[in-house]
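J.: For reference, the sequence and a predicted model appear below.
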Amino acid sequence: MELKSAILERANGTLGCGIQSVSNRARIASVGTANPETSYSQHELIDLLNIRNERIRSLFLKGAIDRRYLTLPPALEDGSRLPETQADLLKKHRRCAVDMGARAIHECVAGIGAQLRDVGYLCCVTSTGFMAPGISAYLSKELGLAADCTRLDVVGMGCNAGLNGLNAAAAWSVANPSRLALLLCVEVCSAAYVFDDTMRSSVVNSLFGDGAAAAALITQSPDHDAVWGPSIERFQSRLVSSAIEGMRFDWDETHGRFSFYLDPVIPYVVGANAPQLVADLLASSGVRRSAIRHWLVHSGGKKVIDAVKINLGLSSNDLRHTSGVLREFGNLSSGSFLFSYKRLLQEQAPCPGDYGVMLTMGPGTTIESALLRW
């Protein structure tokens with residue numbers, strides 16, 4: 001079965017809202033996700049990590065997170081966890097990123113009835129470990145992708161980077177119509193933890209989880225049938241350079257590893273700057289704010305979600321997928337928004353003509369957005 005026919009057939013049996021006319025914009029044709037086998041409730045993590053400090057316990061229990069998927073080091077006889085060096089963490093990142101990434105890609109490609117040999121472009125996004133060669137090379141070998149598959153690794157941009165990667169994948173897709181492009185966001189946040197009694201480390205340890213999300217993109221060529229999936233109408237970025245130090249990796253001499261820092265004011269910085277970004281995104285496309293039916297926001301944490309909700313005038317229902325992903329997975333960094341997108345599709349909610357906004361935020365301080373149209 002040809003790739004185009006497979007996508008069309010899959011679409012007709014999935015959402016049942018009809019097929020939109022052909023455009024020269026990249027469309028998101030499928031999505032796939034993966035997590036580690038092990039997950040823990042916040043209460044379980046408090047016990048496993050032997051947390052006694054009441055302030056830190058409160059961080060774990062009041063962050064609107066029920067459960068997270070993590071790859072923790074083995075337990076020792078005294079109940080503590082085997083210490084991991086920075087070298088151990090980098091090895092964990094490579095092992096887990098390839099495993100989760102491969103599973104997410106398999107689900108994504110199977111979702112449109114395509115084959116791995118159809119993949120012409122692979123963009124891999126991560127901020128939880130450095131590798132050279134990058135994840136894209138190891139996954140190409142693992143999956144048996146074509147030797148001429150174009151690759152890109154986006155490393156170190158943080159939680160907003162999923163949309164940066166989507167922008168690159170969409171541009172390649174438009175330049176190569178009818179060829180399949182993949183975006184993979186894979187974050188092994190448990191390979192970026194420092195375990196101590198400081199509030200700085202504990203904020204990170206209470207929030208992030210491991211996961212991977214892949215999206216398949218394709219741009220319609222004039223001589224093929226239409227492809228189901230939202231078209232990516234436009235991207236818009238906003239850099240708040242006055243808060244450039246608000247989210248960052250530092251080298252921790254005491255522990256001999258990198259340590260991530262989150263400034264407590266970041267949720268309010270993001271919330272205050274989100275309205276102008278969305279206004280610019282919509283104005284450049286001639287779309288009214290009232291036309292936006294679907295909101296897919298990064299699950300950055302309870303305070304981030306609340307700040308975005310208040311400043312954009314959104315309802316809890318608007319952010320149900322964002323809050324649901326945070327509750328069941330924690331902050332998955334760059335891939336969070338695709339986990340929310342998958343939930344939206346599972347609802348079978350979008351219909352032709354609907355508009356949606358994707359919104360991510362991360363170090364810089366950066367806010368990224370994309371306008372979708374079904």
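T.: The structure has been received and is ready for your questions.
J.: can you pull out the helices in the stretch 251-374 of the chain?
T.: 266-283, 302-312, 320-329, 336-346 (DSSP state H, counting those that start in this stretch).
J.: With the stretch 51-200 of the chain instead?
T.: 54-61, 86-110, 135-143, 161-175, 199-205.
J.: Export the ones you listed as JSON lines, with columns for mean neighbour count and distance to Ser334.
T.: C-beta here means a position set from N, CA and C on the backbone, and glycine is covered the same way. Converted to JSON lines, the helices of the stretch 51-200 of the chain look like this (neighbours: other C-beta atoms under 10 Å; distance: least, C-beta to C-beta, whole Å):
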{"stretch": "helix 54-61", "mean neighbour count": "15", "distance to Ser334": "23"}
{"stretch": "helix 86-110", "mean neighbour count": "20", "distance to Ser334": "12"}
{"stretch": "helix 135-143", "mean neighbour count": "19", "distance to Ser334": "12"}
{"stretch": "helix 161-175", "mean neighbour count": "23", "distance to Ser334": "4"}
{"stretch": "helix 199-205", "mean neighbour count": "18", "distance to Ser334": "15"}
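J.: Output those in CSV, with distance to Pro230 and mean pLDDT appended to each entry.
T.: What follows is these, written out as CSV (distance: least, C-beta to C-beta, whole Å; pLDDT from 0 to 100):
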stretch, distance to Pro230, mean pLDDT
helix 54-61, 36, 94
helix 86-110, 15, 97
helix 135-143, 25, 98
helix 161-175, 11, 98
helix 199-205, 33, 88
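J.: Of the ones you listed, which is nearest Lys342?
T.: helix 86-110 (9.6 Å; C-beta to C-beta).
J.: quick one: contacts for Pro267?
T.: Contacts of Pro267 were listed using C-beta atoms under 8 Å, 6 or more residues apart in numbering, and they are 300-301, 303-304, 306-307.
J.: How confident was the prediction at it?
T.: Per-residue pLDDT puts Pro267 at 95.
J.: what about it, distance to Ser173?
T.: Here the criterion is C-beta to C-beta, to the nearest Å. By it, Pro267 lies 33 Å from Ser173.
J.: what about the strands in the stretch 101-250 of the chain?
T.: Ranges of strands within the stretch 101-250 of the chain are 119-126, 150-155, 180-187, 211-219, 231-239, 247-252, based on DSSP state E, counting those that start in this stretch.
J.: Comparing these by mean pLDDT, which bottoms out?
T.: Looking at the strands of the stretch 101-250 of the chain, the bottom one is strand 247-252 with a mean of 88.
J.: Starting from it, tell me which strands it pairs with and how they run.
T.: In the sheet, strand 247-252 lines up against strand 257-262 (antiparallel) (DSSP bridges).
J.: now the strand it pairs with and helix 302-312, what's the angle there?
T.: Angle, strand 257-262 to helix 302-312, by axes from the mean of the first three to the mean of the last three C-alpha atoms, to 10 degrees: 30 degrees.
J.: And the contacts of strand 257-262?
T.: Here strand 257-262 makes contact (C-beta under 8 Å, 6+ apart) with 85-86, 89, 192, 194, 200-201, 203-204, 207, 246-252.
J.: Could you export it as CSV, CA atoms only?
T.: What follows is strand 257-262 as a C-alpha-only set of coordinates in CSV (Å, rounded to 0.1, in the frame of the first residue of the first chain):
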residue,chain,number,x,y,z
ARG,A,257,27.5,16.4,37.7
PHE,A,258,25.2,18.9,36.1
SER,A,259,22.3,20.4,38.2
PHE,A,260,19.2,22.0,36.8
TYR,A,261,17.9,25.3,38.3
LEU,A,262,14.4,26.7,38.2
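J.: what separates it from the chain centre, distance-wise?
T.: 20 Å (C-alpha atoms, centre = their mean, to the nearest Å).
J.: Now stretch 235-242: buried residues?
T.: For stretch 235-242, the neighbour count (16 or more other C-beta atoms under 10 Å) marks 235-238, 240 as buried.
J.: Domains in this protein, by residue range?
T.: 3-37+70-219, 231-373 (automatic domain parsing).
J.: for the last one, the distance to its chain's centre please.
T.: With C-alpha atoms, centre = their mean as the basis, the distance from the averaged C-alpha position of domain 231-373 to the chain average is 10 Å.
J.: how long is that domain end to end?
T.: 5 Å (C-alpha to C-alpha, to the nearest Å).
J.: Over to stretch 69-78?
T.: 23 Å.
J.: Quick one: mean pLDDT for it?
T.: Mean predicted lDDT for stretch 69-78 stands at 86.
J.: Which positions within that stretch qualify as buried?
T.: Buried residues in stretch 69-78 (16+ other C-beta under 10 Å): 69-73.
J.: I'd like those laid out as TSV, including distance to Gly229.
T.: Formatted as TSV, the buried residues of stretch 69-78 follow (distance: C-beta to C-beta, whole Å):
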residue	distance to Gly229
Tyr69	27
Leu70	32
Thr71	32
Leu72	37
Pro73	40
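J.: Quick check: closest non-adjacent residue to Leu61.
T.: Nearest-residue entry for Leu61: Gln42, 5.8 Å, with adjacent residues in sequence omitted and distances by C-beta to C-beta, 6 or more residues apart in numbering.
J.: Next, find the distance separating the one you found from Ser284.
T.: With C-beta to C-beta as the criterion, Gln42 and Ser284 are 41 Å apart.
J.: My guess is Thr366 contacts Ala243. True?
T.: No. Counting by C-beta atoms under 8 Å, Thr366 does not reach Ala243; the two are 9.6 Å apart.
J.: that older thread, how many residues are close by the residue nearest to Leu61?
T.: Here the number of neighbours of Gln42 (other C-beta atoms under 10 Å) works out to 18.
J.: same thing with Pro264?
T.: 10.
J.: Who are the contact partners of it?
T.: By C-beta under 8 Å, 6+ apart, Pro264 has no neighbours at all.
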